[in-house]
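Trainee: Take this sequence and fold it.
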Amino acid sequence: MTMSAEFCAGIQHFGAAWEDFSRHAGSAAIREGQSAISDAASPDAVYQTLLMADALRYLTLQTCGSKGSGHPGGFASSAEAYASLVMLGHTNIVTEVGHHAPGFYSAMFLDTSLEEMGIKTVTDLMARFREKHGLLGHLSGAIPGLLAPAGPLGQGQHFAMAGAMLHPGKLFPVTIGDGGMGEPYVLNSMMHFNTAYPGVTNFLPTLIWNGYSQEHHSMVSRFSNEKMIAYWKGHGFKEVVLVNAKDFDDTNQVSEYADSSYFSHKQRLAFAAAVLAGMDRAAKSALGGTLTAFIIKQMKGAGVHTVGAKSHNLYPADTLDKAHMIEGLKRRALNLEAWAIVRENFVRAGGGPAAKTAVTEQVLELASLGKMPLHDFAKTEKPVPATAMGALVAYVGTQDARFVVTNADGNEASAMKNINDALKIRHPTVDPLYNQEPEGQVYEPLNEDACAGLAAALSLFGSRALWLSYESFAINGWPIVQTVAQAMAELRRKTPSVVTMFTAGALEQGRNGWTHQRPEIENYFAAQMRNGNTYPLFPCDANAIQVAYDYATNSFNKCMVIIASKSPLPVYMSINEAEHAMEAGAASIYESKSGGKTVVFAVTGDMVFLPVFEAKDKLEAEGYRVRVVAIVNPRRLYRQTDIAWDTVSEPDNSFMDEDHFNALFDGDVLLAVSGGPSAVLEPVLLRTRATRRDTFAWKRGETTASPGEIMAFNGLTGDAMAMRAKDLAG
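Mentor: Numbering: from 1, shown residues only. Below is the predicted model:
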């Protein structure tokens with residue numbers, strides 16, 4: 001084995017050189033010092049594109065077969081498209097399909113990116129696939145050279161659009177499977193984005209139309225070519241390039257979805273030439289200002305062990321010693337010199353290995369914000385927390401031109417019109433009455449998935465963003481935030497935290513009924529706290545929310561969730577006191593000067609303090625001492641051993657010590673109170689020494705005329721709290 005092909009150690013099958021190999025593969029088509037082929041029509045370039053496609057297929061199948069696990073079929077049908085992008089120098093590639101992971105890992109192996117993980121040979125690649133500290137089953141942006149995670153379907157396009165926004169002049173292809181096209185808002189989100197950002201066309205959706213989903217035919221498998229093109233054009237795409245393998249079939253395949261690996265060598269090259277030329281045309285169109293899509297139509301599993309949905313997943317019986325796996329590998333086996341040529345092209349494409357050249361491999365420079373202009377409201381005032389935060393959001397937007405605010409239900413509805421006044425809603429129609437301008441920084445698709453997706457993607461790619469929503473609707477966009485939060489926990493670079501703020505909590509939405517009363521998502525946030533980088537924040541007033549937003553905006557590689565009201569509420573903390581509480585996790589906002597037995601209220605929320613203070617008055621009138629503690633950052637109240645803090649990037653091991661915790665929460669009775677569900681109170685209930693304790697929390701929604709009535713429906717009243725405290729106190 002030559003030195004240049006040492007990486008081939010572990011390849012189990014080699015093949016004979018293809019016809020005309022010495023003529024078309026004597027040297028790499030991407031010349032030394034170049035980052036792409038010079039001519040997409042060159043026979044050498046076409047020949048080597050097909051070599052690359054088969055190399056990717058081979059590695060994908062052998063890697064999966066090494067574990068009898070993983071997903072080779074979907075990527076196999078995309079191989080010519082992926083190889084064409086690489087040969088054209090477009091290597092900032094993301095995907096919507098987590099099941100394409102082994103193909104992407106094969107690409108990162110071939111361009112040497114995985115050497116940063118110690119993966120230098122095919123033997124290493126197989127050993128580390130689907131293993132801890134290795135190559136997880138679905139894509140992660142923590143893998144060198146890969147830009148973004150891919151797990152849940154319907155997310156990849158957000159990463160491509162964010163990359164395109166932040167890096168004009170670079171192409172961001174995103175591969176999309178036809179099985180995933182029915183997932184939330186894939187084409188819809190791109191249509192809205194193009195309406196708001198018509199000048200940002202340098203992302204390229206690449207549909208892998210192979211006729212199958214995970215376990216059955218895809219729902220668009222019966223579309224005609226014309227209908228599929230019309231479907232994309234109906235979503236705003238002006239240029240749709242479709243290359244159909246069936247047009248090159250000289251083997252009389254029955255299916256409308258042809259497996260090009262069975263074509264004659266001449267027709268395989270003709271198909272590869274069409275894909276390369278079509279991709280070149282599509283890339284130039286997208287980079288030239290036209291919203292463009294590329295579609296490759298080819299049978300799922302083309303060139304691996306089987307086809308259709310049966311190729312999607314390997315099972316324990318699909319191991320490398322089985323006849324059908326051996327046959328599949330031998331059909332794609334290349335000669336040693338071909339592997340060397342493929343690697344040379346990969347290493348040169350895009351200017352070098354993706355681990356060195358992908359845009360997400362460097363920290364994006366951020367605009368300086370300076371000191372946030374926090375306004376210290378007096379404790380005699382009743383400002384609106386959401387509006388107080390809105391003023392700071394407006395400030396951030398004026399300091400950082402790349403900053404984007406996303407909101408589906410409207411900032412005005414959340415008492416944050418001051419954001420729109422300052423930053424303007426991005427809309428092609430200029431209308432001062434509605435704060436609309438084509439260059440606005442407020443992105444408002446009526447779709448929480450699109451809002452969460454763009455904001456989370458911008459943060460992951462290195463820019464500041466903010467997703468605003470009603471808490472009741474946030475679940476529609478939360479999966480991508482969770483995905484990105486996990487990715488940030490693994491990243492090898494600093495990036496601004498994902499920041500969200502959810503207004504109009506359940507207690508405020510009486511007239512709207514249970515449709516707007518879904519605070520149960522707070523239990524989701526609470527569970528994520530243990531991940532190590534997720535922080536649900538519960539500012540108790542307008543000062544604390546400013547501190548929370550400052551704290552979140554200036555953090556890195558974390559997921560910050562701010563929950564607050566849009567109603568005028570009392571002020572309990574000064575700015576300085578709120579800053580201390582945010583760092584500590586909690587602070588006392590009231591304590592009786594005298595009294596007998598001590599009742600401690602440990603509270604998350606803001607509006608729910610109203611019945612808590614009613615209970616305080618009743619208890620003091622009967623001789624009890626009362627302490628009210630605002631829990632603003634419950635993650636700080638866990639013990640170090642409760643949180644995976646030491647497993648994440650930008651780790652934070654600040655937790656309240658026992659002495660300070662006991663000073664806050666020790667009493668004869670502890671009532672843990674939440675305006676939402678109780679899971680966010682877990683750290684207090686875990687650590688408290690109070691044996692007499694109880695919780696008051698959300699139960700379910702109902703239509704009511706006032707916040708007081710919905711709180712009463714859920715048992716969150718001053719009378720109920722005072723009575724329970726007295727019962728516990730004996």
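Trainee: mind giving me the domain split of the protein?
Mentor: 3-27+36-361, 385-729 (automatic domain parsing).
Trainee: Let's have those in a markdown table, adding distance to residue 378 and mean pLDDT.
Mentor: All C-beta atoms are positioned from the backbone trio N, CA, C, and that covers glycine. Below are these laid out as a markdown table (distance: least, C-beta to C-beta, whole Å; pLDDT from 0 to 100):
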| stretch | distance to residue 378 | mean pLDDT |
| --- | --- | --- |
| domain 3-27+36-361 | 40 | 95 |
| domain 385-729 | 7 | 96 |
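Trainee: And those domains: which comes nearest residue 375?
Mentor: Of all those, it is domain 385-729 that lies closest to residue 375, at 6.8 Å by C-beta to C-beta.
Trainee: first vs last residue of the closest one, how far apart are they?
Mentor: 35 Å (C-alpha to C-alpha, to the nearest Å).
Trainee: Please name the nearest non-neighbouring residue to the residue nearest the centre of the chain.
Mentor: Closest to where the C-alpha atoms of the chain average out (C-alpha atoms, centre = their mean) is residue 484, at 3.4 Å. Counting by C-beta to C-beta, 6 or more residues apart in numbering, residue 456 is the residue found nearest to residue 484 once chain neighbours are left out, at 4.1 Å.
Trainee: Tell me where the stretch 201-350 of the chain has strands.
Mentor: 203-209, 239-244, 292-297 (DSSP state E, counting those that start in this stretch).
Trainee: Correction: the previous question concerned the stretch 351-500 of the chain.
Mentor: 404-407, 425-426, 436-437, 442-443, 465-470, 498-503.
Trainee: Serialize those strands to a markdown table and add fields for distance to residue 179 and mean neighbour count.
Mentor: Putting the strands of the stretch 351-500 of the chain into a markdown table (distance: least, C-beta to C-beta, whole Å; neighbours: other C-beta atoms under 10 Å) gives the following:
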| stretch | distance to residue 179 | mean neighbour count |
| --- | --- | --- |
| strand 404-407 | 27 | 28 |
| strand 425-426 | 32 | 22 |
| strand 436-437 | 37 | 18 |
| strand 442-443 | 28 | 26 |
| strand 465-470 | 28 | 28 |
| strand 498-503 | 28 | 28 |
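Trainee: can you list those strands in a markdown table and add distance to residue 698?
Mentor: Putting these into a markdown table (distance: least, C-beta to C-beta, whole Å) gives the following:
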| stretch | distance to residue 698 |
| --- | --- |
| strand 404-407 | 24 |
| strand 425-426 | 32 |
| strand 436-437 | 37 |
| strand 442-443 | 30 |
| strand 465-470 | 15 |
| strand 498-503 | 14 |
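Trainee: Of those strands, which is nearest residue 594?
Mentor: Between the strands of the stretch 351-500 of the chain, strand 498-503 lies closest to residue 594; by C-beta to C-beta that is 38.6 Å.
Trainee: so after that closest one, what's the next helix or strand?
Mentor: Using DSSP states H and E, the helix or strand that follows strand 498-503 towards the C-terminus is helix 521-529.
Trainee: for that following helix, packing partners?
Mentor: Judged by 3 or more C-beta pairs under 8 Å, 6 or more residues apart in numbering; DSSP states H and E, the packing partners of helix 521-529 are helix 478-490, strand 534-537, strand 559-563.
Trainee: can you put the domains of the chain in CSV and add distance to residue 374?
Mentor: Shown next, in CSV, are those (distance: least, C-beta to C-beta, whole Å):
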stretch, distance to residue 374
domain 3-27+36-361, 29
domain 385-729, 5
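Trainee: Quick one: closest of those domains to residue 371.
Mentor: Closest to residue 371 of these is domain 385-729 (C-beta to C-beta; 9.1 Å).
Trainee: helix or strand for the closest residue to residue 334 other than its chain neighbours, which one?
Mentor: In this structure, residue 334 finds its nearest non-sequential neighbour in residue 15, 5.6 Å apart by C-beta to C-beta, 6+ apart. For residue 15, there is no enclosing helix or strand under DSSP H and E.
Trainee: do you know how far residue 15 is from residue 165?
Mentor: 44 Å (C-beta to C-beta, to the nearest Å).
Trainee: Can you tell me the closest non-neighbouring residue to residue 53?
Mentor: Residue 53's closest residue in space is residue 79 (C-beta to C-beta, 6+ apart), at 3.8 Å.
Trainee: my guess is that neighbour meets residue 51, correct?
Mentor: No: Residue 79 lies out of contact with residue 51 (C-beta atoms under 8 Å); the separation is 10.8 Å.
Trainee: more crowded one of the two?
Mentor: residue 79 (32 against 24; other C-beta atoms under 10 Å).
Trainee: Going along the chain, name the helices of the stretch 51-200 of the chain.
Mentor: Assigned by DSSP state H, counting those that start in this stretch, the helices in the stretch 51-200 of the chain fall at 73-76, 79-87, 101-110, 122-128, 156-166, 186-196.
Trainee: so which of those helices gets nearest residue 601?
Mentor: helix 156-166 (41.1 Å).
Trainee: Quick one: residues in contact with that closest one.
Mentor: 92, 94-97, 147-148, 150, 170, 172-176, 186, 189-190, 193, 197, 200-205, 359-360, 364, 402, 450, 453-454, 456-458, 460-463, 480 (C-beta atoms under 8 Å, 6 or more residues apart in numbering).
Trainee: let's see it at 6 Å
Mentor: 94-96, 148, 150, 172, 174, 186, 190, 193, 200, 202-203, 453-454, 457-458, 461, 463 (C-beta atoms under 6 Å, 6 or more residues apart in numbering).
Trainee: Buried only: go through those for me.
Mentor: Among these, those buried by neighbour count (16 or more other C-beta atoms under 10 Å) are 94-96, 148, 150, 172, 174, 186, 190, 193, 200, 202-203, 453-454, 457-458, 461, 463.
Trainee: still on that earlier bit, nearest to residue 368, out of the domains of the chain?
Mentor: Nearest of the domains of the chain to residue 368, taken as C-beta to C-beta: domain 385-729 at 7.3 Å.
Trainee: For residue 656, which non-adjacent residue is spatially closest?
Mentor: In this structure, residue 656 finds its nearest non-sequential neighbour in residue 585, 5.1 Å apart by C-beta to C-beta, 6+ apart.
Trainee: related to what we said a few turns ago, what residues does the residue nearest to the centre of the chain make contact with?
Mentor: Residue 484 touches 456, 460, 498, counting by C-beta under 6 Å, 6+ apart.
Trainee: How much space separates it from residue 136?
Mentor: From residue 484 to residue 136 the distance is 15 Å (C-beta to C-beta).
Trainee: go on, residue 270?
Mentor: Using C-beta to C-beta, residue 270 is found at 37 Å from residue 136.
Trainee: who's more crowded, those two?
Mentor: For residue 270 and residue 136, the more surrounded residue by other C-beta under 10 Å is residue 136, and the numbers stand at 20 against 17.
Trainee: Skip the chain neighbours and tell me the closest residue to the more buried one.
Mentor: Residue 136's closest residue in space is residue 130 (C-beta to C-beta, 6+ apart), at 6.9 Å.
Trainee: Tell me how far that neighbour lies from residue 309.
Mentor: Distance of residue 130 to residue 309, computed by C-beta to C-beta: 21 Å.
Trainee: what about these two, which has more around it?
Mentor: residue 309 (21 against 18).
Trainee: pretty sure that one is in contact with residue 212, am I right?
Mentor: Yes: the pair residue 309 and residue 212 passes the contact test of C-beta atoms under 6 Å, sitting 4.4 Å apart.
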